[in-house]
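# Build the 3D model from these lines:
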Amino acid sequence: MDKKKVLIVGGVAGGASAATRIRRLDEHAEIIIFERGEHISFANCGLPYYVSGVIAERERLLLQTPYNMKKRYNIDVRINSEVTRIFPDEKLVEVKEKDGKTYKESYSHLILSPGASPIRPPLPGIDAENIFVLRNIPDIDAIKAFIDESKPQKAVIIGGGFIGIEMAENFYALGLETTIVEMADQVLGALDYEMAAIVQRRIRAKGIRLILKNGVKAFEQKGNGITEILLQNGERISANIIILAIGVKPDTKLAKEAGLSIGEHGGIKVNERLQTSDPNIFAIGDAIEVKDFVTGANTLIPLAGPANKQGRIVADVIAGRNARYEGTQGTAIVKAFDIIIASTGANEKVLKKAGIPYEVSYTHSGSHASYYPNPSMMAIKLIFSPDDGKVLGAQIVGSGGVDKRIDSIAGAIRRGATVFDLQELELAYAPPFSSPKDPVNMAGYVAGNIVNGDLPIIHWHQIQNLDLEKTLLVDVRTPKEFEMGHIDGAVNIPLDNIRERLSEFPHDKEIVIYCQVGLRGYLACRILVQHGFKQIKNLSGGIVTLTPPLAERKLIR
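Numbering: from 1, shown residues only. Take a look at the predicted model:
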């Protein structure tokens, strides 16, 4: 058998994972990694935390060095070496070194792991020295040096995605007056609007200014280290340091020039074995289009976890194993001050675009047993098929235990589980960690009731459209809770008084029940259904799920 010679363009998550896996499977393969920068493997997800000193030592961001890769894995790592061209017919690449010299290297297999580049729109003034992107070690070095030398007081972050939120948290920790500007009507596009609204309330509560539905028109330097940002609505805000966190675009230059197929979203097109249109050339990581695991559509999901898995799968394929990449479900998590936000699978926006029927449920559960000190609430949005209850996605916002719950649901989605399977999950329980009915079980129970028809529901965004001439809106909380704030037009009939006040419920009108988080409303619905009332709906997730714009319009305080 001919000796394999594998060239890898780019390190970090995908490339380095592929290289080390190939070595574990094939001791005799020749493996070369080309990296145009100085660092082949670094913790790019940890970069924002180096700014504030949460990660105090720069060296902790560096995961592997060329010396270690050679010593342990016998992998030839060539830093400051940029692959500038691919010759597929000859199985050659052209490499340009730091000093400008070029040479060609042959391969039997080529892996492209070039990653993605931060988006820098061609706006006036965008090249100012106090405007940064954050993608790699040199970027974070430049940001850190600027902060140490210039001592900025005001920071503006353009973009409210994962990086934008993390940078805001770390600038806040440094004491900088911080503003986030986001063109969409919400932060964190992986979330649906009502879940993002919870995050936005917390961000603003920390004193971070959050500007939504607005973008940048231009940057103007005003002297004394001040940049004025002209927004699209004409508003002007000033800053000493600006971070562009608008997003990333796949680095496909090499692939395009080599004649490889590019997908409809601009990423390198690959098959389930992660082969490009040339079967000897593979591609992984942020540069490729992947199959959405839930919808089956091609998409771009630039996450480190999938990139690592893709690297391993490519290595298996090259080694002759029958490995396939089944798709990316986009499981992600981020910390924003004192809350944790996580999602997996498809959100409503994705499912609507794909034309896939779905239903949702909201539950608000404690992170652990209520009688054990310091429980915290988490909001769980579960998205599922209305026909068979197959789990399609989930979003969770809370202060503790979010990570293990999203991981449980992510695993369920990967196995094609239903909401009824979530009910049966046997999850670890002790009072400091959970409840006998874990929040994941509870989400499954509520969703299962919806699928079975035991719990007809109405959602937060439908409340404002109720015709109170044809609908009785009933708040089943206590009178004290009702007095503290209720939906305009509601009557208060506490849950514990329903049986003795059945005469107050009409048979010829729709009855919409709500409580704080949905549980008492469910109990009220079950009582009424079994007393012959048929037009009944419960507000899923209760009054807590009402988003700020709706709450401001509909609540009496």
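
# tell me the contacts of the closest residue to residue 478 other than its chain neighbours?
Spatial nearest neighbour of residue 478, excluding adjacent residues (CB to CB, 6 or more residues apart in numbering): residue 494 at 5.6 Å. Placement of C-beta: from N, CA and C, glycine included. By CB atoms under 8 Å, 6 or more residues apart in numbering, the contact list for residue 494 reads 476-479.

# Repeat the analysis, applying 10 Å as the threshold.
474-482, 501, 515, 520, 524 (CB atoms under 10 Å, 6 or more residues apart in numbering).

# mind checking how far it is from residue 524?
9 Å (CB to CB, to the nearest Å).

# got it, and residue 293?
38 Å.

# Got phi/psi on the residue nearest to residue 478?
Backbone dihedrals for residue 494, given as degrees, to the nearest 10, come out at phi -60, psi 150.

# Which pLDDT value goes with it?
Note for residue 494: predicted pLDDT of 98.

# Now do the strands in the stretch 101-250 of the chain.
102-106, 109-112, 116-118, 131-133, 154-158, 177-182, 209-212, 216-223, 226-231, 236-239, 241-244, 248-250 (DSSP state E, counting those that start in this stretch).

# doesn't residue 297 make contact with residue 328?
No. The pair residue 328 / residue 297 is not scored as a contact, 11.2 Å apart, by CB atoms under 10 Å.

# the more surrounded of the two?
Shown here are residue 328 and residue 297; by other CB atoms under 10 Å, residue 328 has more neighbours (23 against 17).

# what's the more buried one in contact with, if anything?
By CB under 10 Å, 6+ apart, the residues touching residue 328 are 288-294, 299-303, 305-307, 309-310.

# partner residues bridging it?
Beta-bridge pairing for residue 328 (DSSP bridges): residue 292.

# Roughly how far does it sit from residue 318?
To residue 318, residue 328 is 21 Å away according to CB to CB.

# One more: residue 280?
Residue 280 is 10 Å from residue 318, by CB to CB.

# Residue 474 too?
Counting by CB to CB, the separation of residue 474 from residue 318 is 64 Å.

# which stretches of the protein have low pLDDT?
1, 551-554, 556-557 (pLDDT under 70).

# hmm, back to that, do you know which of the strands of the stretch 101-250 of the chain lies nearest residue 546?
Nearest to residue 546, of all the strands of the stretch 101-250 of the chain, is strand 209-212, at 18.2 Å by CB to CB.

# strand partners of that closest one, parallel vs antiparallel please.
Note on strand 209-212: by DSSP bridges, its sheet partners are strand 177-182 (parallel).

# Figure out how far the strand it pairs with is from the centre of its chain.
Relative to the chain's own centre, strand 177-182 is displaced by 19 Å; criterion: CA atoms, centre = their mean, to the nearest Å.

# relative to strand 216-223, how tilted is it?
For strand 177-182 against strand 216-223, the angle by axes from the mean of the first three to the mean of the last three CA atoms, to 10 degrees is 150 degrees.

# what's near enough to touch residue 187?
Contacts of residue 187 by CB under 10 Å, 6+ apart are 159-162, 164-165, 168, 180, 196-197, 199-200, 203, 210, 212, 336, 341.

# try residue 453
residue 529.

# what do you get for residue 88?
For residue 88, counting by CB under 10 Å, 6+ apart, the contacting residues are 110, 258-260, 276-278, 280-281.

# Can you tell me which of the residues you listed is nearest residue 249?
Nearest member of the contacts of residue 88 to residue 249, counting by CB to CB, is residue 260, at 16.6 Å.

# That closest one: how many residues sit nearby?
20.

# before we move on, what about residue 531?
For residue 531, the neighbour count with other CB under 10 Å is 11.

# Kindly report the same for residue 423.
18.

# Residue 540 is in contact with residue 381, isn't it?
Yes. Residue 540 is in contact with residue 381 according to CB under 10 Å; the separation is 9.4 Å.

# can you list residues touching both of these two?
With CB under 10 Å, 6+ apart as the test, residue 540 and residue 381 both reach 360-363.

# Let's have those in CSV, adding secondary structure.
What follows is those, written out as CSV (DSSP: H, G, I helix; E, B strand; the rest coil):
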residue, secondary structure
360, strand
361, strand
362, strand
363, strand
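
# Next, the buried residues of stretch 162-176.
162-172, 176 (16 or more other CB atoms under 10 Å).

# Of the contacts of residue 88, grab the buried ones for PyMOL.
What follows is the PyMOL syntax for the buried subset of the contacts of residue 88, where burial is set by 16+ other CB under 10 Å:
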select buried, resi 110+258+260+276+277+278+281
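
# and which of the contacts of residue 88 is nearest residue 2?
The closest of the contacts of residue 88, once distances to residue 2 are taken by CB to CB, is residue 280, at 12.9 Å.

# Verify the contact between the closest one and residue 109 for me.
Yes. Counting by CB under 10 Å, residue 280 sits close enough to residue 109 to count as a contact (5.9 Å).

# Can you give me the neighbour number for residue 51?
Residue 51 has 22 nearby residues by other CB under 10 Å.
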